[in-house]
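**Student:** Here's my sequence, what's the structure:
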Amino acid sequence: MVRIIGILAGLFFSIAALWALATGAYTVASQGYLKEKTAETEFHKRPRALHLASDGPFGHFDKQQVQRGYQVYKEDCSACHSLRHVAIHDLEQLGYTEAEVKAEAASWTVPGVDPNTGEATTRPGMPTDYFPSPYPNDIAARAANNNAVPPDLSLMAKARDEGPAYVHSLLAGYSEIPASLNQEFPDFETPPGLYFNPYFANLNLAMPPPLNTEGQVTYADGTKASIDQMATDVAAFLVWTAEPTLGKRNQTGWPVLGFLLFATILAYLAKKQVWASAKRRKV
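**Tutor:** Residues are numbered from 1 along each chain as shown. Next comes the predicted model:
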């Protein structure tokens, strides 16, 4: 029996080692380390470190910060990006009262149907509605954004590697093409209608800088709305849209782990007590 367990354990670790080797090889290949050097591989930057209250196993949402992030989304990002997986009444989780949620819902215009004619129309939103898309379809979205469809932001914090840090760095990272890039790659250029951003994979991004002026948003709590602050706040908001139950899950998880640890110790002690008087049988 011991020999079989040893064989199975060895087999498990061998498979794990092979899996790690295959994953590492894929990462090296996909990240371009084996490819010819280009402007994209040499000057693309990893996201800058971002620290939010929601980080880590004890993470929780800073509701005031997430409310500020919602304000940035509403006043700026919603012109191009949707939140189709988030219902307006979910804002109650951020500390908004029922009356405030109703007022917020009414401030949005959502698609509707005329009850008399059956024709498509629009109406003020209700708490049960989901945040509306700014475009009726992808064709309209491409026409308004240099043939690029702005992605839905509901799950963006999970859809991108280092999601919150990526969002923050991208929004605050627009710049001019550095001289060192032009020196090393003279043929590199940013085509008309695109914008240079070293945190975007191919360096040229169709989205114009959405946060380009300090004080672009006037925060209700008086926080200074610098570009970095607005980018941080909207990143925190998108962490919430991607996983609104994160705080409750962390609060519940630790007591459950504590109970399981206690139950394991109790079961071990019970086993010792039950078999204490039993004598080992000689083979």
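**Student:** Can you show me the helices along this structure?
**Tutor:** 2-30, 39-43, 63-75, 98-106, 138-144, 156-159, 163-172, 179-184, 227-242, 246-274 (DSSP state H).
**Student:** Output the second one in PDB with nothing but the alpha carbons.
**Tutor:** It refers to helix 39-43. The C-alpha atoms that make up helix 39-43 are tabulated as PDB, following Å, rounded to 0.1, in the frame of the first residue of the first chain:
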ATOM      1  CA  ALA A  39       8.900  48.600 -30.500                       C
ATOM      2  CA  GLU A  40       6.000  46.700 -29.000                       C
ATOM      3  CA  THR A  41       8.200  44.100 -27.200                       C
ATOM      4  CA  GLU A  42      10.800  46.600 -26.100                       C
ATOM      5  CA  PHE A  43       8.700  49.600 -25.000                       C
END
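**Student:** Please list all residues in contact with residue 211.
**Tutor:** Contacts here follow Cβ atoms under 8 Å, 6 or more residues apart in numbering; on that basis residue 211 touches 72, 76, 171, 172, 227, 230, 231. From N, CA and C alone the C-beta is placed, and that goes for glycine too.
**Student:** And the closest residue to the first one other than its chain neighbours, how close does it get to residue 240?
**Tutor:** Spelled out, it's residue 72. Spatial nearest neighbour of residue 72, excluding adjacent residues (Cβ to Cβ, 6 or more residues apart in numbering): residue 234 at 4.3 Å. Taking Cβ to Cβ, to the nearest Å as the measure, residue 234 falls 11 Å from residue 240.
**Student:** ok, now residue 182?
**Tutor:** Counting by Cβ to Cβ, the gap between residue 182 and residue 240 amounts to 40 Å.
**Student:** More neighbours: these two, which one.
**Tutor:** Relative neighbour count places residue 240 above the other of residue 182 and residue 240, with 26 against 13, counting by other Cβ atoms under 10 Å.
**Student:** if I read this right, the more buried one contacts residue 66, doesn't it?
**Tutor:** Yes - applying Cβ atoms under 8 Å as the test, residue 240 and residue 66 come out as touching, 5.0 Å apart.
**Student:** Need the residues touching each of those two.
**Tutor:** Here residue 240 and residue 66 have residue 94 as joint contacts, going by Cβ under 8 Å, 6+ apart.
**Student:** residues contacting the nearest residue to residue 158 once chain neighbours are set aside?
**Tutor:** In space, residue 158 comes closest to residue 242 once its chain neighbours are excluded; the distance is 4.6 Å by Cβ to Cβ, 6+ apart. Neighbouring residues of residue 242 by Cβ under 8 Å, 6+ apart: 154, 155, 156, 157, 158, 159, 163.
**Student:** how far away is residue 242 from residue 123?
**Tutor:** Spatial separation of residue 242 from residue 123 under the definition Cβ to Cβ is 28 Å.
**Student:** Neighbours of residue 131, how many?
**Tutor:** The local packing count at residue 131 equals 26, with neighbours defined by other Cβ under 10 Å.
**Student:** Give me the nearest residue to it, chain neighbours excluded.
**Tutor:** Beyond its immediate neighbours in the sequence, the residue positioned closest to residue 131 (Cβ to Cβ, 6+ apart) is residue 83, lying 3.9 Å away.
**Student:** Now for the chain, the helix or strand with the poorest mean pLDDT.
**Tutor:** helix 2-30 (a mean of 70; mean pLDDT, DSSP states H and E).
**Student:** Kind regards, and thank you for your time.
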